[in-house]
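Peer 1: What follows is a predicted protein model with its sequence.
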Amino acid sequence: MTVKKSKALIIYDSLFGNTKKIAEAINDGLSNYYNSNLISVKDIKPGDIESIQLLVIGSPTHGGNYSESVKAFFDTITDTSLKGVKTLAFDTSIPIEGQKRFMRMLIKMLGYAAPRILKRLAKKGASTMGSESFWVLDREGPLKEGETERARKWVADLVR
C-alpha cells in the first residue's frame, strides 16, 4: 500500500547563502513526512501556496525583522489564504551569547525575525506551530557548526 505524503513548501530569502542552507536542511528533515519543495521567495508565483498542508518561511534577521522580499511576499497573499495551513518560521541571526555589551543590548531590543514571521503568518489565517533562530557567526556567516543538523532535527521533531 502506498501512503501519499502531504505537500509542504519551504520559502526562504538568503543574502549570503546561510538561510538557504538552513532551508535545505529543513527540506531534508521534512522528507520522511512530507512531499516538500524548496523555493526562493524571489521565485514564488501566485498559486505556489495552493494545496499545501505545511508552509515554512525563513529569512535572515535584519534589524530584528525579516527581509523586504519576505515582506513583499506577505503583501501578495490575502488574509485568509493560509487558513488551515500549518506553518513554521525560521531565521538566521547572530546569537546574543558572546557579543559585546552594545550588541547584546541591541539584539535584546530588536529581537529576531522568526517570531515576527510567525505572527504575520497567524494574521494570514495560518495555524502556527513554532519558530526557531539558527546562528551565523558573523554578518555574512558562516553558520555556526551543527546548525544544519539542528534545523533537520527541529523540523522533524515538530512534524513527527
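Peer 2: Cool, the structure landed.
Peer 1: Which of the helices and strands in the chain ranks last by mean pLDDT?
Peer 2: Lowest mean confidence among the helices and strands of the chain (mean pLDDT, DSSP states H and E): helix 101-110, at a mean of 93.
Peer 1: buried sites along that helix?
Peer 2: By neighbour count on 16 or more other C-beta atoms under 10 Å, the buried set for helix 101-110 is Ile107. (Glycine included, C-beta is placed from N, CA and C.)
Peer 1: Show me the contact partners of it.
Peer 2: 63-65, 93-94, 96, 99 (C-beta atoms under 8 Å, 6 or more residues apart in numbering).
Peer 1: Tell me which two of those residues sit farthest apart.
Peer 2: Spatial extent of the contacts of helix 101-110 (C-beta to C-beta) is set by the pair Asn65 and Gln99 at 18.6 Å.
Peer 1: Let me know whether Ile11 touches Ala72 as I believe.
Peer 2: No. Ile11 lies out of contact with Ala72 (C-beta atoms under 8 Å); the separation is 11.8 Å.
Peer 1: Report the secondary structure state of the residue nearest in space to the middle of the chain.
Peer 2: The centroid of the chain falls nearest to Gly58 when counting by C-alpha atoms, centre = their mean (2.4 Å). Classification of Gly58 using DSSP: H, G, I helix; E, B strand; the rest coil returns strand.
Peer 1: Now do the helices in this protein.
Peer 2: 18-30, 68-76, 101-110, 113-123, 147-159 (DSSP state H).
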